[in-house]
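*Asks:* how would this look folded up:
(2 chains)
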Number of protein chains: 2
Amino acid sequence: MMRATKRLNPLDWTFLAAETRESMMHVGALMPFSMPPDAPADWLRGLMDEVRAEARAFAPWNLKLRHPQLIAHPRQAWVEDAHFDVEYHVRRSALPAPGDERELGILVSRLHSHAIDFHRPPWEVHFIEGLEGGRFAMYFKVHHALVDGYTGIQLLSHSLAHTPEARDTPLFFARATAARTPTAAWRAPTLEALLGVLREQFGSTRNVIKALAKTLSAKNEGLVAPMQAPHSILNRRIGRNRRFATQQFSVAQLKAVARRHDGTLNDVVLALCAGALRRLLRELGALPARPLTAMLPVNIRPKGDPGGGNAVGSILASLATDVDDPGERLRTIIASTRAAKAQLAGMTRSAIMQYSALLMAPLLLSQIPGAVGRVRPAFNLVVSNVPGPTRPLYFRGACMQAYYPLSIPFHGYGLNVTVVSYVDQLNFGFIGCRDTVPHLQRLAVYARAALEELEASS
Amino acid sequence: MMRATKRLNPLDWTFLAAETRESMMHVGALMPFSMPPDAPADWLRGLMDEVRAEARAFAPWNLKLRHPQLIAHPRQAWVEDAHFDVEYHVRRSALPAPGDERELGILVSRLHSHAIDFHRPPWEVHFIEGLEGGRFAMYFKVHHALVDGYTGIQLLSHSLAHTPEARDTPLFFARATAARTPTAAWRAPTLEALLGVLREQFGSTRNVIKALAKTLSAKNEGLVAPMQAPHSILNRRIGRNRRFATQQFSVAQLKAVARRHDGTLNDVVLALCAGALRRLLRELGALPARPLTAMLPVNIRPKGDPGGGNAVGSILASLATDVDDPGERLRTIIASTRAAKAQLAGMTRSAIMQYSALLMAPLLLSQIPGAVGRVRPAFNLVVSNVPGPTRPLYFRGACMQAYYPLSIPFHGYGLNVTVVSYVDQLNFGFIGCRDTVPHLQRLAVYARAALEELEASS
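*Replies:* A predicted model of the protein is given here:
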């Protein structure tokens, strides 16, 4: 009974081809919830029974690979799973005492370190109980070949309610969705949107990596070669295990800092990452003399744009990790992002797409065995800032407190920082390779300290 | 700082070569503990901190593969891990409410479904809290290439104390051990002992599988070809995920049944498996018309043995799953094991070894891609009965209540039942492939019912 069949597009296929035991191409999200005020002690358990009573899944959540034994099969396709096993996909977990943020981080790091089973629809959702303050958390994971991170946020948040009174909302998988990839998604400044740019450019090409290599070697007029990023511990071959840490900031607080320095919210996001990375790498005796650089997806208005529209591009920004003074560091970052955006603004749409492909290329090329270490990293890490839900969301009366994204560390790019907005907060998800990025949890703590330093600086 | 280096012997190497995403060659154990009577609420947490404070591991627990990127590397070796990361290997977990045996089974199934990280010493131990009755459990897993299941039992139980007063016992990994494989181990009737027989026979042969194939095709005088087992759902290609269920029986109760029918304890073990399997397969509409057969390691005294010594052989026994009456089913099993043992007793040691190799061969040969399904299974499952600790064991005042083994499902052999004795109890561990052996948990329940039927039967 496998009805639906859908060939994978070349870019989705690339995410399967890049999957290895160490470098896994799934993304995730962690969402803590407060309990409804009237919840009985066994509320979560009853809710789980209800969720699992729904044995049917709608597309894309019911799709599995036609050739699970050879995931990079050249004629790979999505087919319907005739034996959808809801107990496999919807799971219960619990935290050991005291159930604090540290224990939550450890459990989610562990869950995210396990490979997807390609013999089933490639996603799981875990309801985690035992979180201090009587709360629970949802951890969601999906392979990028099925659903990208930004679409995942959209599908998940659209499935939640806007009021605590809506008590019968089905969970995302048990809900028919509109088109898989809303048009708007391709306009948001996300890593996925950038990959969408690549897809537009290489859509007809089966071998995306080969096409990228061609782009890389071509002499493109008007394009600036990527900065030569310094070698760092962030840019090594990665292992299988992950560490994950989170931090939440008030948008208003960050905007106040931005205003004071005539920068953007995203400049302050970069400055928090920069402050945290500088401190951690110094402690590890591993701070490069030259500044770390970040690749970030941004919205830009290309040259000759009739107005109103925007396009997605990627820029390289200096994180000014060689600068000791926090205020001066932020100003250096602002100057760097401004120059990069000005450069994009002077380019045509087609040039922007080629330029973005050029910047993205190393990320995918580095997945070729043996490539890492021989070539200089094109940048040191990706920092992605993604728009999230603007209104509070509820699941059967429980209020979602945060939405922390888990993106993909790649060979050669062992740390990823992705930021998602939620109502009036910015949620940071730091995800890294357990072996090559030691003490990653400190980044979350140091990012908070970096904000305090910025607020105290002139 | 990699000092120790040790080439793998051919059989250990075979367990690495057979490792795939679906067919994983690690074994495990689940041990529930009662809390010490005087334990404060945060006792387990404090104990974990103490265990993790021990940053040093002794051999074999500090050994990792020299070539983790290619685990079947022809010159694979064990080397010391210079960066032993105790927090990776010793973990905390918790059960969701109500923390009953079902939730414990689900968590352990899940933990056992995750592949070993070969970039580190290939073992993990999990302390699981939230078990009902104020108890906790230890779940231990290790790759068979490092430590086989029987040696694992020995190393673990030797590291525990015999009195509740001994409160400073180090955990197994922090304790220097004697020889890796005590001589006695090779005499116990275990799957490992049988593999040891293969090792003796093929010790000088790098390619054990090729040597086995040669044995299989050879005409060995005096050897009886394996029975042709019926095709069954137990004998298909397996998936990645596991289900695990446990059951505990009183040795005295089982021996009373055995005495009444003039059989052995092990005959009753087989009858419990037979009763459970017959009922489950009937419910699934999947009971073969011909009886299922089990392969089991046994102690035998070979022909011409001077006496006193014994040897390990393997026999095929009918599980008489075509027989409806429980008493008659047990008597058929007894007749079958008696005939098989009599046959072994008439053979020389060398012939027994060749015969055992012949019986074991399909298990390893079936790991070759494409082999399963084309050839008839040589038997339907392995049922292994292993001697365990004879005195109660304690870990810092906490009493071990049971020791449940987790053995290896293979391609073509999706269910394994291993039984370990502990003081006056027999502990059954049912481990199977989640997809090909559905509703495996019922086997544990039905084994209990099978005992009641036997006690009521004439």
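*Asks:* starting at the chain centroid, how far to stretch A:334-352?
*Replies:* 23 Å (CA atoms, centre = their mean, to the nearest Å).
*Asks:* typed the wrong thing, it's stretch A:37-49
*Replies:* Worked out by CA atoms, centre = their mean, stretch A:37-49 lies 31 Å from the chain centre.
*Asks:* got the end-to-end distance for stretch A:417-431?
*Replies:* Taking CA to CA, to the nearest Å, the first and last residues of stretch A:417-431 lie 7 Å apart.
*Asks:* Same check on stretch A:401-414?
*Replies:* Taking CA to CA, the span from the opening residue of stretch A:401-414 to its closing residue is 28 Å.
*Asks:* Ok, stretch A:245-264 next?
*Replies:* Terminal residues of stretch A:245-264 lie 24 Å apart, using CA to CA.
*Asks:* What residues sit buried inside that stretch?
*Replies:* The neighbour-count criterion (16 or more other CB atoms under 10 Å in any protein chain shown) identifies A:Ala245, A:Thr246, A:Gln247, A:Gln248, A:Phe249, A:Val251, A:Leu254, A:Val257, A:Ala258, A:His261, A:Gly263, A:Thr264 as the buried residues of stretch A:245-264. For glycine as for every other residue, the C-beta is placed from the backbone atoms N, C-alpha and C.
*Asks:* ok, the first one touching A:Ala447?
*Replies:* No. The pair A:Ala245 / A:Ala447 is not scored as a contact, 9.1 Å apart, by CB atoms under 8 Å.
*Asks:* Distance of A:Leu415 relative to chain B?
*Replies:* Going from A:Leu415 to chain B by CB to the nearest CB, to the nearest Å gives 18 Å.
*Asks:* Just give the nearest non-adjacent residue to that residue, would you?
*Replies:* Spatially, and ignoring its direct neighbours in sequence, A:Leu415 is nearest to A:Gly432 (4.3 Å; CB to CB, 6 or more residues apart in numbering or on different chains).
*Asks:* do the same with A:Phe249
*Replies:* A:Leu426 (4.7 Å).
*Asks:* on that earlier part again, ramachandran coordinates for the residue nearest to A:Leu415?
*Replies:* A:Gly432 has phi and psi values of phi -150, psi 170 when expressed as degrees, to the nearest 10.
*Asks:* What distance do you get for the residue nearest to A:Ala77 when sequence neighbours are not counted to A:Pro10?
*Replies:* Of all residues not flanking A:Ala77 in the chain, A:Arg66 sits nearest, at 4.4 Å (CB to CB, 6+ apart). Relative to A:Pro10, A:Arg66 is positioned 17 Å away (CB to CB, to the nearest Å).
*Asks:* Looking at those two, which is more packed in?
*Replies:* A:Pro10 (19 against 16; other CB atoms under 10 Å in any protein chain shown).
*Asks:* Next, the contact list for A:Glu455, please.
*Replies:* Listed by CB atoms under 8 Å, 6 or more residues apart in numbering or on different chains, the contact set of A:Glu455 reads A:Gln253, A:Val257.
*Asks:* next one: A:Leu155
*Replies:* Residues in contact with A:Leu155 (CB under 8 Å, 6+ apart) are A:Val147, A:Phe172, A:Thr177.
*Asks:* just checking, next helix/strand downstream of the lowest-mean-pLDDT helix or strand in chain A?
*Replies:* Ranking every helix and strand in chain A by mean pLDDT, DSSP states H and E puts helix A:208-217 at the bottom, with a mean of 59. Going down the chain from helix A:208-217, the next helix or strand is strand A:242-250, by DSSP states H and E.
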